[in-house]
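**Q** Provided below are the primary sequence and the corresponding predicted coordinates.
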Amino acid sequence: MAILLRSFTELPLYTEALARHHVPHRVLQGRGFYASPEVRDAAAFLGLLAEPRHPVHLAACLRGPLVGLSDATLLRLALPHGRPRCAACSAAACLPEALPGEGERLARF
């Protein structure tokens, strides 16, 4: 479990309460915790719950471990009708096929 605080000004209230109830705890300071992939993935998921139509939160959830879509599949989902409008980018090399199992993972999501 983690307790995320915006600042450390109220930290003593939390640590004293945890100690009073004999809950083992440790304080991690710095920004490294918030930059970890797990925290970024959780933040993207919570952001998607709060704003279901937010494209960045949606893309992060679809690309992250929850669904695991490839960049190529995200591109296909983002493009109208799954392909670019210009003829120069319509070559198969520009848009590789989806990876095996991605359709199933997307459907489960």
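**A** Received the coordinates, thanks. None of the values given here were measured: they were computed from a predicted structure.
**Q** all contacts plus neighbour counts: C-alpha atoms, from now on.
**A** Noted.
**Q** can you point out the buried residues in the helix or strand encompassing Glu38?
**A** Using DSSP states H and E, Glu38 maps to helix 37-50. Residues of helix 37-50 classed as buried by neighbour count (16 or more other CA atoms under 10 Å): 40-41, 43-45, 47-48.
**Q** low-confidence ranges in this protein?
**A** Within the chain, the stretches with pLDDT under 70 are 30-31, 81-98.
**Q** how about the helices in it?
**A** For the chain, the helices defined by DSSP state H cover 11-20, 32-35, 37-50, 55-63, 71-78, 102-108.
**Q** contact partners of the first one?
**A** Right, the one you point to is helix 11-20. Residues outside helix 11-20 that contact it (CA atoms under 8 Å, 6 or more residues apart in numbering): 5, 24-25.
**Q** now the longest one
**A** The list of residues contacting helix 37-50 from outside it, by CA under 8 Å, 6+ apart, reads 33-34, 54, 57-58, 60-61, 64-65.
**Q** from these, which is closest to Arg105?
**A** Nearest to Arg105 among those, counting by CA to CA, is Pro65 at 10.5 Å.
**Q** deepest of the helices of the chain, which one?
**A** Mean neighbour count (mean count of other CA atoms under 10 Å) peaks for helix 55-63 among the helices of the chain, with a mean of 19.
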